[in-house]
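Undergrad: here is the input, now give the coordinates:
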Amino acid sequence: MRPGGGVRHTRRRAPDGSLLLSETFVSLQGEGPSAGERAVFVRLAGCNLTCTWCDTSYSWDWARYDPWVETSIADPVVLAADLDRLAGPHTRLLVLTGGEPLLQQPSVVALLAALRARRPALRCEVETNGTITPTDALVPLVHRFVVSPKLPHAGSAAARIHPQALRALLDLPGSVLKIVLDGPGDLPQVASLAATAGATPDRVWLMPRATTTTEVLAGMRALADPAVDHGYNLSGRTHILLWGPKRGR
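TA: A predicted model of the protein is given here:
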């Protein structure tokens, strides 16, 4: 990692048919409905939001990080073969995250199609901020969309909520909302977002904004009773509890 010292770096773009890749790794899914499951992760670079508290800003913030250091260009078919080897024989979950992976949908479709040809049983979970509608080509290749619309404390006020995209995502079977909260005071906004998306409470996961073990545990304790009372689910950040804010975890 090489912070950019506040200098805006030349934006790196992937050629048509390629992916702009941040990193790949194997770990335990730390959040949401698949928490605790071993997974192979693909983090794509680039995002259409600029959340102030983002803990993976090295994948998109080119004022602070150099994209020519932080990213690589990947051919989807070659990457599928690499992921097949990286995952090993017993991994059943792929997590596609970012950044915002739906910015690269045509190449994501090529990647997931190549992976399905190699490993038909591999489930794909896509983590998205809910601002982009998935294409008809992508939808059948994804087991679950984990949709994380942002509350006002994330910034990006004008761009963070797209009702049509939220509704399209939550209309898909298996999709869930995973919403980052500062605390119980954010619950009215959660209810509003769930209504906008058409999500019943059992499809909503509350997650505390936290990057340390202390913050995760305190945040979960603060949200536990409200989650039970409102019919929501509660997500921790298992990877933070186990390894702290380390990359590749």
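Undergrad: packing partners of the lowest-mean-pLDDT helix or strand in the chain?
TA: Every helix and strand of the chain was ranked by mean pLDDT, DSSP states H and E. The lowest is helix 238-243, at a mean of 93. Under the contact definition 3 or more Cβ pairs under 8 Å, 6 or more residues apart in numbering; DSSP states H and E, helix 238-243 sits against strand 19-28, helix 213-230. In short, each C-beta sits where N, CA and C put it, glycine included.
Undergrad: looking at these, which is buried most?
TA: Comparing the helices and strands packed on helix 238-243 by mean neighbour count (mean count of other Cβ atoms under 10 Å), strand 19-28 ranks first with a mean of 19.
Undergrad: neighbouring contacts of the least confident helix or strand of the chain?
TA: 27-31, 35-36, 210-213, 216-217, 249 (Cβ atoms under 8 Å, 6 or more residues apart in numbering).
Undergrad: how about those residues in a markdown table, adding pLDDT?
TA: Putting those into a markdown table (pLDDT from 0 to 100) gives the following:
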| residue | pLDDT |
| --- | --- |
| Ser27 | 97 |
| Leu28 | 97 |
| Gln29 | 97 |
| Gly30 | 95 |
| Glu31 | 96 |
| Ala35 | 96 |
| Gly36 | 96 |
| Ala210 | 93 |
| Thr211 | 90 |
| Thr212 | 94 |
| Thr213 | 95 |
| Val216 | 94 |
| Leu217 | 97 |
| Arg249 | 83 |
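Undergrad: partners of the residue lying closest to Ser72 once chain neighbours are set aside in the sheet?
TA: Excluding its sequence neighbours, the residue lying closest to Ser72 (Cβ to Cβ, 6 or more residues apart in numbering) is Leu21, at 5.1 Å. According to DSSP bridges, the residues that bridge with Leu21 are Leu44, Ser72.
Undergrad: mind listing the helices for this protein?
TA: Taking DSSP state H as the test, the helices found in the chain are 67-70, 76-87, 105-118, 163-170, 187-197, 213-230, 238-243.
Undergrad: reformat those as JSON lines; add distance to Trp205.
TA: Shown next, in JSON lines, are the helices of the chain (distance: least, Cβ to Cβ, whole Å):
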{"stretch": "helix 67-70", "distance to Trp205": "29"}
{"stretch": "helix 76-87", "distance to Trp205": "25"}
{"stretch": "helix 105-118", "distance to Trp205": "23"}
{"stretch": "helix 163-170", "distance to Trp205": "13"}
{"stretch": "helix 187-197", "distance to Trp205": "10"}
{"stretch": "helix 213-230", "distance to Trp205": "9"}
{"stretch": "helix 238-243", "distance to Trp205": "13"}
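Undergrad: can you tell me which of those helices is nearest to His153?
TA: helix 187-197 (9.5 Å; Cβ to Cβ).
Undergrad: any buried residues in that closest one, and which?
TA: By neighbour count with 16 or more other Cβ atoms under 10 Å, helix 187-197 contains the buried residues 187, 190, 193-194, 196-197.
Undergrad: return the closest of those with respect to Leu172.
TA: Ala197 (11.1 Å).
Undergrad: if I look at the closest one, how far off is Thr128?
TA: Look at Ala197 and Thr128: by Cβ to Cβ, to the nearest Å, they are 12 Å apart.
Undergrad: common neighbours of those two, please.
TA: 147, 169.
Undergrad: for this protein, what are the low-confidence residue spans?
TA: 1-10, 156-158 (pLDDT under 70).
Undergrad: give me that answer again for 80
TA: The chain contains residues with pLDDT under 80 at 1-11, 154-158.
Undergrad: centre-most residue in it?
TA: Glu127 (3.0 Å; Cα atoms, centre = their mean).
Undergrad: what about the nearest residue to that residue once chain neighbours are set aside, neighbour count?
TA: Computed as Cβ to Cβ, 6+ apart, the closest residue to Glu127 that is not its neighbour in sequence is Thr97, at 4.2 Å. Other residues near Thr97 number 20, with proximity taken as other Cβ atoms under 10 Å.
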